[in-house]
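*Asks:* need a structure here:
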Amino acid sequence: MCTLMEKDVLMEEVSGVAAFISERISVENIPYELKRCGAIREFLLSNSPDDIDKESILQELSILKEKFVDMPVILD
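*Replies:* You can find the predicted model right below:
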């Protein structure tokens, strides 16, 4: 369960993680982690704040981002 403001912050966080990953991949190869960010975004948009577990979403986003932390930014 989260508040409406926390849901808004989660939307910003998922966008930030997606952008972070996108800067480090080739456009020909979309990884699972980026696709999962899209699925999380859809979940957030389609559910009430009462149905959202803020901590589990933040933990998953952290795990998704972890793989790309040491990768350089590439420009396609």
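
*Asks:* show me where pLDDT drops low in this protein?
*Replies:* Within the chain, the ranges that satisfy pLDDT under 70 run 76.

*Asks:* buried sites along the strand or helix carrying residue 59?
*Replies:* Using DSSP states H and E, residue 59 maps to helix 54-66. Buried residues in helix 54-66, defined by neighbour count with 16 or more other Cβ atoms under 10 Å: 54, 57, 60-61, 64-65. Backbone N, C-alpha and C define where each C-beta goes, glycine included.

*Asks:* contacts for that helix?
*Replies:* 1-2, 6, 10, 13-14, 17, 20-21, 33, 36-37, 40, 44 (Cβ atoms under 8 Å, 6 or more residues apart in numbering).

*Asks:* at 10 Å what do you get?
*Replies:* 1-3, 6-7, 9-10, 13-14, 16-18, 20-21, 24, 31-37, 40, 43-44, 53 (Cβ atoms under 10 Å, 6 or more residues apart in numbering).

*Asks:* which of those count as buried?
*Replies:* 2, 7, 10, 13-14, 17-18, 20-21, 24, 31, 33-34, 36-37, 40, 44.

*Asks:* Sitting in strands, which of these do you find?
*Replies:* Using DSSP state E, no member of the buried ones among the contacts of helix 54-66 falls in strands.

*Asks:* Could I get the contacting residues of the most centrally placed residue in the chain?
*Replies:* Centroid-nearest residue in the chain, with Cα atoms, centre = their mean: residue 14, separated by 3.1 Å. Going by Cβ under 10 Å, 6+ apart, residue 14 touches 36-44, 57-58, 60-61, 64.
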